[in-house]
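[1] Generate a structure from the sequence data that follows.
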Amino acid sequence: MGGILVPPVAPPKDIEAEYAIFLAPSFDPNSFAHALLHNEPYPPPAQSTSASSPLDASDPAQASKVVLPKSLGSGSGGEAMLNFGVEDLNRQLKAEITKHHSSLLLQAASLGGLEGDLSEVRRGLAEVEAGVTRLRRKITVPHSSLSASLTLLTRLRRASSLARRASRFTVLARRLEGQMADIDGAAVGPGAGRERRERAMAEAALTLAEIETLLTASDETPAAEDDPEALLPIRSIRAVEANVPLVELSRQRVAEEMESTVQRGLNELDNPLLASSLQTAHNLSVLPSLVDSLTSDLADLVGRKIKAAFDMASLAKEVNGKDNAATSTSAFVYKSRARNEPTTVTMPQWTSAMWQRLETLISDLGAICIKVYTLEKVLKLKKDAITQASFLDEAMTVLENQPSLMFWTTLSRAFEVQAKEAVRGSTFIQTTLSSGYPRLLRLFQEFFSTIAVHTDTIYTQTQQSPETVLVLRSIVAFETLYLTRSTTRLGDAVGSAFSLSSSLSASFTSRAPSVPGPNEGLAAARAVVNELDAARFDPLLVKAVAKGAAQAVEMFVRKADQLIAHDHAATSILGPLATPSQHANADIASSLYHLYSPLNRALADHTDLVREILRPAVDATRAAYLSISNPLIMSIRREFSAIITRMHRVDYAKNVDPGAGNSSASSYMVDLTEKLTFVREELLGPFRVGDLAKEWALDLARFTVQTFVLHASIIKSLGESGKLKLTSDTTSLEFAISQYLSSHSLALSSMGDQFKALRAFRPLLFLDNTQLTLPAHTNDVPTLILLHHILSRSVLPLPHQTHGWTEAEYVRWLNEHGESDRLMLVERALAAWEKDGRDKVGEKDREEGDKSVVVLRTVLEARK
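    Sure thing, here's the model as predicted:
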C-alpha cells in the first residue's frame, strides 16, 4: 500500500502506428489470422463503422482503407513478424523490470502489511455487527409491546370520549324535551306566559346549539386510527341516532319561532322582544346570518319601493283605473291606448297621484329606517355573557358595513338611479319634481324629523348629518333643474329691467328707455327675495339659490355700471336744469338703491352662510349707486364752498345810511339760495332713494351751515352795518336751509350742533369783548368759532394768515380735520404771535394783542 507505482511508458509514435491494428480494442486474433491467410482487408468493411481504433473508424470512407501492413506478406511472414514482436515485447518488459527492480520489490513487500490491516478491519466490522444485533434485541421487542399498549389506550380514550358525549347528548335531549314542553305550555297563557315563552326559547336554543356541536364535532375532519384526539361521531350510536330527528324538528321549530319573533319585534318596535329573539339567534349560532338576511331584506324593500314610486307604467294604470271607474257609467266610452305620459287635461290627476305616491314612499322609508336603527341599537346593547362582545361585533363578521350605513347607502343609490332614469325618460316626472322641488324637500324634511327620535340624524339650519346630506345629494338631478329654472327667472327679471320696454315713463322723461328706474330695481329685488324665501326652509337649497341670486345681482350691477355716465355733464352744477346724464344717473342710482334696500333687509332673516354668499353682491350694489351720488355730492359741496367764499369780497366795514335799509341779502347769499333750490329740485330731486335722500339733505345742510359759520367767523374789520348785513345773510341762509330740509320732512333742529352754532352766531356779533368769555353768552358757540371771532376783533393774525393760506384753503382744511387739530392750529398761531408777531407792531397794538392773547388763553382753558 505504501509502494511506488511505476508510471506507464508511452510507446514511440512509429511503433504505435506500426501496431495500430493490434492495439485496437476490437482486435480479434482469429479474424486477423483468417484475413492474413486469405489476403483480405482487416478489419472487414462491415465492422469498420463500429470498430474503435486509433484511426477514425467512425468514418466509413476511412475505415475501408485500413489494410494489412505490407511487411506481413504471407502467413509465414506474418508468423515471423509476430514472433519478432513477442520477443521484442519480452525484451522491453525485461528492460522495464530491470530498470524499476527496486520499486517493484518495495511494492511487493508492502502487500504483506496490507493483508494484516485488512484482517484487523474485518475483525472490527464483525464486532460492530454483533453489537447491532444485541441492540435490536433490546429495543424492538419493547417497542412492539409499547405500540400495542398505545393503540389500546387510544381506543379506550376515544371510546370514553364517545361515551361521554353520548351521555351528554342524552341529557341535552331530555332537557330539550322539557324546554319544548315549557314553550308549548307558555304559548297558552297570556301576560307573564310570554316572558316564560321567550326565556324557554332562549334556553332551548342554547341546548340546541350544544347538541349541534356534539353532533358535528367529528364531521369536519376524518378520524385517524392512531390519533388520540380524533373524535368518533356519536351518530354511530343507535340511541343517539334515534333522537336526531326529534332534535332537528325542535331546531326547525325554534328557528321559525325566532324569525317570526324578530319580525314582530321590528314591526312593533318592541326592544325587549327583539332582544330576546336575538339572544335566541345568538344561542343558535345563527345571529350573523340572521342579521345579514334582515338587512338584505330591508335594503331590497327600499329599492323596490323607490322603483315602484317612479314607475310610470304603474302610475298610468293607477290614474287610468280611476278615470275608467269614474266613466264606467257610460255605455259608450272611447278607450284610447295606454299612455305613460299625461295630457294637458289629465295633468292634475297625474300630479296628484305622483305626490301621493311620494308621500307614501317617504312614510314607508321612515318606518324601514326606524326598524334598521332599532335593530342596530339592540345589537349594540346585547352582549355575549362570556366574551362581553356585543352582538353587533359578532354580526360584523359577515356584514360589510353597519346596518344603518347600509340603509343610507342603499337609499341614496336607489334614489340617485331612479332620479337619473326619471329625468332621462319621463318629461312628466322631470317637470313635476323640478318645479315642485321645494315640496319634495319638505317631504324629506318630514322624513328626517320622523326618524330623528329613533336615530342620531340631525337636519337643521345650522347642522346637517352626513347621512341627510348623502340622501339629498342623490336627488341632485331635480335640484339642478330647479336651480336652472330659478336662475332663468332671476336672469329674466334682470334682463327685463334693462329691456327697451322696461320703463313706462321713458317717453315722459329725458332718460334713455333702456336705463332702469326704481320700479325695475324693486322688481329685480322682489324676484331675488321671492326665490330666497321659497328656498328658505332648507339650509342646503337656500345656499344654492343664494349663489344664483348673487350672480343675478352682480349681473344687474354690471349692466348698470356700463350705463353710468362719467362725463363732465354728470357732475355739472351750472343749471338751471339737470343734464340728461344726470337724469340717467339718477334713475340708475334709484334702481340700484331699490335693489339694495330690500336685499339688505332680507339678509337679516337668513343664516350666516347665506349672508356670506350674498353680502359681496349686496355691498357691490351699494358701492355702485354711491359711485354715482358721491361725485355729484362732492361737486355740490365744492360749488357751495366757492359761493360762500365770495363773502370775503363783501366790505362789511363800510358804513351804510341806516335810512336806506340794509335788509337785503348779499349777492353770494342769493346765489347760494338759488343753488340750493337747483340742487333740491333738479340734481338730487330725481334720485328716488328713500331715507338716503334725507341723509344727503341733512349732510349738505350741515356742511353748508358749518362752512358759512367758519367763513363768517374769520371776517375782520366788521362794522355795525357789516354786522347787520351779516345777520341778514345768516337769516337768509337759515330760511333757505329750512326750506331745503322741510322738502325732506326734516326740521332745522335735526342738524344738531350746526343748527345751534348758526343760531348762536348772530347774537355773538353784537356781544362786548368782556362778554365773550362768559359761558352764559357763548355756551352754544363752538370753541373754534369763538376763537375766530375773538381773533377777528383783535390785531392778532388769524391762523390762515400766519400760514399764508387763503380763506377757502383754511376752511377746507378745517372741514377735513378734527377738533383737536383745529385748536392746535390756533395755539400755534398764538405762539407765533408771542414769538415774532408782537415785535412787528406798535406799542398800542402790542398791548391790545397781549390782552387778546389772554382772552384766547382763557377760552382755551375753559373749553378743554
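
[2] Counting neighbours, show which residues of stretch 607-616 come out buried.
    Buried residues in stretch 607-616, defined by neighbour count with 16 or more other Cβ atoms under 10 Å: T607, V610, I613, L614. Every C-beta, even on glycine, is put in place using the N, C-alpha and C of the backbone.

[3] Likewise for stretch 82-97?
    Under 16+ other Cβ under 10 Å, the buried positions of stretch 82-97 are L82.

[4] Run the chain-centre distance for that stretch.
    Relative to its chain's centre, stretch 82-97 lies at 110 Å (Cα atoms, centre = their mean, to the nearest Å).

[5] P43 contacts S31, correct?
    Yes. The criterion here is Cβ atoms under 8 Å, and P43 meets it with S31 at 7.1 Å.

[6] ok, back up a step: name the nearest of the buried residues of stretch 607-616 relative to E115.
    Proximity of the buried residues of stretch 607-616 to E115 (Cβ to Cβ) peaks at I613, which lies at 117.0 Å.

[7] contacting residues for that closest one?
    Going by Cβ atoms under 8 Å, 6 or more residues apart in numbering, I613 touches K543, A546, K547, A550.

[8] By neighbour count, which of these wins?
    A546 (25 neighbours; other Cβ atoms under 10 Å).

[9] Is that one in a helix, a strand, or coil?
    Following DSSP: H, G, I helix; E, B strand; the rest coil, the label given to A546 is helix.

[10] Need the pLDDT of it.
    Listed pLDDT for A546 reads 93.

[11] which SSE is the nearest residue to it once chain neighbours are set aside in?
    Nearest non-adjacent residue to A546, counting by Cβ to Cβ, 6 or more residues apart in numbering: I613, 4.3 Å away. Per DSSP states H and E, I613 falls inside helix 608-645.

[12] which stretches of the stretch 651-800 of the chain have low pLDDT?
    Where the stretch 651-800 of the chain drops to pLDDT under 70, the residues are 655-663.

[13] can you check the stretch 1-150 of the chain too?
    For the stretch 1-150 of the chain (pLDDT under 70), the answer is 1-19, 44-75, 77-78.

[14] swap the cut-off to 80 and go again
    Along the stretch 1-150 of the chain, the parts satisfying pLDDT under 80 run over 1-25, 32-82, 85, 108-117, 137, 141.

[15] ok, which stretches of it are strands?
    Remark: no strands are assigned in the stretch 1-150 of the chain by DSSP state E, counting those that start in this stretch.

[16] Quick check, M555 in contact with A493.
    No. Using Cβ under 8 Å, M555 is not in contact with A493; the gap is 10.3 Å.

[17] Compare the two (neighbour count), which wins?
    A493 (20 against 17).

[18] Report the contact partners of that one.
    So A493 contacts A523, A524, A527, V528, A552 (Cβ under 8 Å, 6+ apart).

[19] repeat that with 7 Å
    A523, A524, A527 (Cβ atoms under 7 Å, 6 or more residues apart in numbering).

[20] Which pLDDT does the model give the second one?
    According to the predicted model, the pLDDT of A524 comes to 93.

[21] Skipping its backbone neighbours, what lies nearest it in space?
    Nearest residue to A524, sequence neighbours excluded (Cβ to Cβ, 6+ apart): A493, at 4.9 Å.

[22] does that neighbour sit in a helix, a strand or a coil?
    A493 ends up helix, using three-state DSSP.

[23] So it versus A552, what's the distance?
    Distance, A493 to A552, using Cβ to Cβ, to the nearest Å: 7 Å.

[24] Could you do A497 as well?
    11 Å.

[25] ditto for A747
    In terms of Cβ to Cβ, A747 sits 41 Å off from A552.

[26] coming back round to it: quick one: pLDDT of the residue nearest to A524?
    91.

[27] Next: A808.
    At A808, the predicted lDDT confidence score is 91.

[28] Spatially, which residue comes closest to it, not counting chain neighbours?
    T645 (4.5 Å).

[29] Report how many residues lie close to the one you found.
    Residues lying near T645 (other Cβ under 10 Å) number 18.

[30] Same check on F640?
    For F640, using other Cβ under 10 Å, the count is 20.

[31] so what's it up against?
    By Cβ under 7 Å, 6+ apart, F640 lies in contact with L672, K675, T704, T707.

[32] circling back: next, format the buried residues of stretch 607-616 as CSV and append pLDDT.
    Below are the buried residues of stretch 607-616 laid out as CSV (pLDDT from 0 to 100):
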residue, pLDDT
T607, 87
V610, 91
I613, 93
L614, 93
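
[33] now, among those, which is nearest to T360?
    Scanning these for proximity to T360, where the rule is Cβ to Cβ, the winner is T607, at 32.1 Å.

[34] How is the closest residue to the closest one other than its chain neighbours assigned, secondary-structure-wise?
    Among residues not flanking T607 along the chain, Q461 sits closest, at 5.5 Å (Cβ to Cβ, 6+ apart). Secondary structure assignment for Q461 (three-state DSSP): coil.

[35] T455 now?
    Applying three-state DSSP: T455 is coil.

[36] That one and F407, how far apart?
    10 Å.

[37] Those two - which one has more neighbours?
    In this view T455 and F407 are compared by other Cβ under 10 Å, and F407 has more residues nearby, 25 against 20.

[38] Now name the helix or strand holding V542.
    helix 539-563.

[39] Give me the distance from the helix or strand just after that helix to the chain's centre.
    For helix 539-563, the following helix or strand on the C-terminal side (DSSP H and E) is helix 580-603. Relative to its chain's centre, helix 580-603 lies at 39 Å (Cα atoms, centre = their mean).

[40] and helix 580-603, which residues are buried?
    So for helix 580-603, counting by 16+ other Cβ under 10 Å, buried means 581-600, 602-603.

[41] just stretch 439-452 next, same as before
    For stretch 439-452, by 16+ other Cβ under 10 Å, it's L440, L441, L443, F444, Q445, F447, F448, T450, I451.

[42] Kindly report the same for stretch 424-444.
    426, 428-430, 432-434, 436-437, 440-441, 443-444.

[43] picking up where we left off before, tell me how far the helix holding V542 lies from the chain's centre.
    Computed by Cα atoms, centre = their mean, the separation of helix 539-563 from the middle of its chain amounts to 24 Å.

[44] That one versus helix 580-603: what angle between them?
    In terms of direction (axes from the mean of the first three to the mean of the last three Cα atoms, to 10 degrees), helix 539-563 departs from helix 580-603 by 170 degrees.

[45] Show me what helix 539-563 is packed up against.
    If you count contacts as 3 or more Cβ pairs under 7 Å, 6 or more residues apart in numbering; DSSP states H and E, helix 539-563 packs onto helix 476-497, helix 518-534, helix 580-603, helix 608-645.

[46] my guess is I643 meets V670, correct?
    No. Using Cβ atoms under 7 Å, I643 is not in contact with V670, being 9.8 Å away.
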